[in-house]
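**Q** Sharing a model prediction with you, sequence too.
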Amino acid sequence: MRTRLPRTVVILGLVSFFNDLASEMVVPLIPLLLVSGLQGGPVALGLIEGVAEAVASWLKLWSGRRSDWLGGRRKGLALAGYGLSNLVRPLFGLAGAWPVLLLLRSADRVGKGLRSAPRDALVADSAPPQIMGYAYGYHRALDNGGAVLGSLAAAAVIYWAALPLPQVIALSALPGLLAVLLLAFGIRETARASQQAARPPIPKLRWSCLSRPMRRYLLILGFFTLARASETFILLRAHELGLGVVAALLLWALLNFAKAATGQWGGGLADRWGRPPVMLLGWAAFALSFLAFGQVQQAWSLCLTTLLYGLFTGMSEGAERALVSDFARESERGTAFGWYHLMTGVAAIPAGLLFGLVWQARGAPAAFSLAGVLAALAAILFWLHLSGPASRVAVRRGGL
């Protein structure tokens, strides 16, 4: 892309890089903590991840709306969210039972709820429309790149220093602090012309105030989220197949490396082709990948499927967020991203519980296969309602 990314977008990408470096020193260890000492299983994992995401989703709507009400001043909310998560996350290793881990994980996600919508709206505020997909793809690529380094760092510390898991988790405070400092001192918000001029009032916080394409998109996305169970279940499957702690962390690094490798390229592709075709390709690949996860019985095939899943997932992440920006008016970008995160978060509890319950009752193959079928249905709905020729042109031009 010839157009340079704005400074704010570049800094936000680095903030996400270091924050995810800290986060992914911890998150892939959650399934291992559950099965090794906290007497938890797939249902407990589904409940922890589902409740945590649902708690965060309500705050995402509030924080996005609040940043619009503040006239587009979004940095303070994002800073509070990053600060809270990086204060709570190093405490995960001190949990003595899985309900305590549930509370700590929920507090971590409260921080995510405070920061996500304002941060995504900051990207939309800063990037020109013609490179919006590229900007979100860059942000997701650095986010996933931090996850790669975080899981590799945890694996290295466990392998060479032989530290216990609680001490490895505590070390995540260092890159987390760097992310907070970078956001605090690296970004300066300036008043935009639209803030200085008289603007129409922000629409009421009602579902009916969203545009029809936005509501249709969010409903289909919510249905797709029922299939998109937490990726930590992949690590639980790896544990079932006999992979140790270090091997599981390397698998997690492979997943995030694959997503990082295609994130920026996929965002640029969405700018050229239009968002819906890239989204449709990503969702179809998700469905096929989860159907494949249900059939793997050996570590090497699990690694291969994880690699392919990560490549296609990373490719479509930028397009997914750019679509929200396309549908939203400038004065309500924070609110629009709040609805986006709310819809995906509300579906997280039934998604996690359904996946965990099916796993416990029928085994991992049945759980992954069910998720694959649901994802395929969501892709069909997306194709029928949001990827016609008129929609592709309109979304590519930001006209829907």
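**A** Okay, I see it. Numbering: from 1, shown residues only.
**Q** Give me the contacts around stretch 290-297.
**A** With contact meaning CB atoms under 8 Å, 6 or more residues apart in numbering, stretch 290-297 is reached by 227, 234, 237, 241, 302, 305, 308-309, 364-369, 371-373, 375. Glycine gets a C-beta too; all of them are placed from N, C-alpha and C.
**Q** those strands in the chain, which residues are they?
**A** Applying DSSP state E to the chain gives no strands.
**Q** circling back to that earlier point, now intersect the contacts of stretch 290-297 with the helices, please.
**A** Among the contacts of stretch 290-297, the ones falling in helices (DSSP state H) are 227, 234, 237, 302, 305, 308-309, 364-369, 371-373, 375.
**Q** Of the residues you listed, just the buried ones, PyMOL syntax please.
**A** One line in PyMOL is enough to select the buried ones among these; burial here means 16 or more other CB atoms under 10 Å:
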select buried, resi 227+234+237+302+305+309+364+365+367+368+369+371+372+375
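**Q** Would you mind measuring from residue 176 to residue 277?
**A** Using CB to CB, to the nearest Å, one obtains 37 Å as the distance from residue 176 to residue 277.
**Q** who's more crowded, those two?
**A** Legend: neighbour count by other CB atoms under 10 Å for residue 176 and residue 277, higher for residue 176 (26 against 18).
**Q** What's the separation between the more buried one and residue 341?
**A** Using CB to CB, residue 176 is found at 21 Å from residue 341.
**Q** Give me the nearest residue to residue 263, chain neighbours excluded.
**A** Nearest residue to residue 263 in three dimensions, chain neighbours excluded: residue 141, at 3.4 Å (CB to CB, 6 or more residues apart in numbering).
**Q** ok, now residue 236?
**A** Computed as CB to CB, 6+ apart, the closest residue to residue 236 that is not its neighbour in sequence is residue 31, at 4.6 Å.
**Q** which sections of the stretch 101-250 of the chain are below the confidence cut-off?
**A** Where the stretch 101-250 of the chain drops to pLDDT under 70, the residues are 190-205.
**Q** In it, mark out all the helices, start to finish.
**A** Secondary structure of the stretch 101-250 of the chain (DSSP state H, counting those that start in this stretch): helices at 132-156, 165-170, 173-186, 193-196, 212-227, 232-240, 245-273.
**Q** And the closest residue to residue 349 other than its chain neighbours, what's its pLDDT?
**A** Closest residue in space to residue 349, ignoring its immediate chain neighbours: residue 50 at 3.9 Å, by CB to CB, 6+ apart. Residue 50 is assigned 72 on the pLDDT scale.
**Q** any idea how far residue 50 lies from residue 260?
**A** Distance from residue 50 to residue 260, by CB to CB: 26 Å.
**Q** Kindly report the same for residue 79.
**A** According to CB to CB, residue 79 and residue 260 sit 25 Å apart.
**Q** if you count what's nearby, which of those two comes out ahead?
**A** Applying other CB under 10 Å to residue 79 and residue 260 shows that residue 260 carries more neighbours, namely 23 against 19.
**Q** Let me see the contact set for that one.
**A** By CB under 8 Å, 6+ apart, residue 260 lies in contact with 141, 142, 143, 144, 145, 147, 148, 314.
**Q** The residue lying closest to residue 91 once chain neighbours are set aside: how many residues sit nearby?
**A** Leaving aside its sequence neighbours, residue 91 sits nearest to residue 104 (CB to CB, 6+ apart; 5.7 Å). Residue 104 has 20 neighbours, counted by other CB under 10 Å.
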